[in-house]
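**Student:** heads up, no residue letters with this:
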Ligand SMILES: Cc1ncc(COP(=O)(O)O)c(C=O)c1O
C-alpha cells in the first residue's frame, strides 16, 4: 500500500532540481551569503509580483510580524485585534512586543476574521488589526480598513492570493517549506507600499542600522539568507502555476463527490488552498480510516489561541469565541499539493466515503 502524504513539496521542486543545484553552486562560488545580489533582486521581484512598492526579506514569518509591530511603534499598553483560529505566531508576535492580543471571532463560512466582531472589540487602546488569510483564503481586508486603524495582514499562508498585500497597511509572509511560496528552510517577507515603514523594518532587521556602524534603534538580527533568496527567485516564477494546480485539485475533490460526505471549504476565486480544510462532526472516525489506509491528514488549532496555556493570562474562558471553538472541534485537512495525481484524490475520497457511509452527509 503506497502511503499518501498531506503535502509533497519534493514533487514540487523535483523538476527544478538541476537549476536549484546550479544556483546553489553559484552562491557557493560567490561567497556572498548575507545581503548579496539574490537578496536584493528577490525583494524587487517579490514587490513587483505583489504590486507593492517595497519588500524586506527577513528570517521567518514570525519575525516579520514582530518587526512590523515594532516599526509601527506598538508595545506595552497597546491592543491588537486578531483571530484565535490561527497559528500561534500571530498572537505570539503581539505578546512578544509587550502588547495585548484581543481575540475576535471568525466567520463560520470562511474561518477568517469577522469584521462585525472586530468592530465590537475596538477600544481607545486598539492600535492595529491583524487579519490572517487563513489556509490561503483572502480575509476581508476591505472591510477592516474602514475602522481607520493600521491593518497588518498576516499572509503567511497566502502568497499569491489575489488582492492580498494591496489593501492593508502592510503584509507579512512566511517561506516555511510547506507554504505556497516556500524556501528550503526558514524565511519571511514584509511587503508594503509605505516606504518609510519599509525603511524602518529594514533597519530594525539589521540591528537598527543602515550600515552596521551607526545604530539608530535597538533592533534585531533577522535577514533572509542569500541562499534562500536565490532559491526563491527560481520558485517565484512557478507560483501562479502552483496555485492554479492547488485550485484544480480542490475542484477535483468537489467533482469526486467529497462534498456529499463532508463540508468542503467554500470555494471563491481568490482562494489558493494553502491547505484543503474540511469540516465534519465525524472527523476522528474519518481520520482513523485514512490513517489505516496510509493516508495522512491533519487538524488545526484544536486548542485555539485564547485557550493556549501561554495566553491564559489574557483571561478568556471556554465559550468566549464560539465559532472559533466549533471550528477547532471539527476541522481536518486532506492531502493536496500542486500536481497531486487524480488517482490519489480518488483513493482519498473512497476512504472518506467508506468511513462516513455511502451517501451520508456529515
Ligand atoms: C498564520 C501564520 N502566521 C505566522 C506564521 C509564522 O511563520 P514562520 O513559521 O515562518 O515563523 C505562520 C507559519 O508558520 C502562519 O501560518
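**Tutor:** Ah, there it is. If you're wondering where the values come from, they're calculated on a predicted model, not measured in any experiment.

**Student:** for the residue of the stretch 201-350 of the chain found nearest the ligand, what are its contacts?
**Tutor:** At 8.1 Å from the ligand, residue 274 is the closest residue in the stretch 201-350 of the chain, using CB to the nearest ligand atom. Every residue, glycine included, has its C-beta placed from N, CA and C. Going by CB atoms under 8 Å, 6 or more residues apart in numbering, residue 274 touches 135-136, 157-158, 179-180, 246.

**Student:** and these near the ligand, which?
**Tutor:** The subset of these within reach of the ligand, by CB under 6 Å from any ligand atom, is residue 157.

**Student:** can you tell me the closest non-neighbouring residue to the residue of the stretch 201-350 of the chain closest to the ligand?
**Tutor:** Once flanking residues are discounted, residue 274 sits nearest to residue 136: 3.5 Å by CB to CB, 6 or more residues apart in numbering.

**Student:** check contacts around the one you found.
**Tutor:** 157-158, 161, 180, 246, 271-275.

**Student:** for the spatially most central residue of the chain, what are phi and psi?
**Tutor:** Note on the chain: the residue nearest the mean C-alpha position is residue 157, at 2.0 Å, using CA atoms, centre = their mean. Residue 157 adopts backbone torsions of phi -100, psi 10, taken as degrees, to the nearest 10.

**Student:** show the pLDDT at it.
**Tutor:** On pLDDT, residue 157 comes in at 98.

**Student:** for residue 12, which non-adjacent residue is spatially closest?
**Tutor:** Per CB to CB, 6+ apart, closest to residue 12 is residue 338, 6.1 Å.

**Student:** please name every helix or strand in contact with the top helix by length along the chain.
**Tutor:** Taking DSSP state H as the criterion, the chain has its longest helix at helix 239-255. Under the contact definition 3 or more CB pairs under 8 Å, 6 or more residues apart in numbering; DSSP states H and E, helix 239-255 sits against strand 276-279, helix 342-356.

**Student:** what sits against the residue of the stretch 51-200 of the chain found nearest the ligand?
**Tutor:** Relative to the ligand, the nearest point of the stretch 51-200 of the chain is residue 61 (2.5 Å; CB to the nearest ligand atom). By CB under 8 Å, 6+ apart, residue 61 lies in contact with 89, 154, 156, 172-176, 188.
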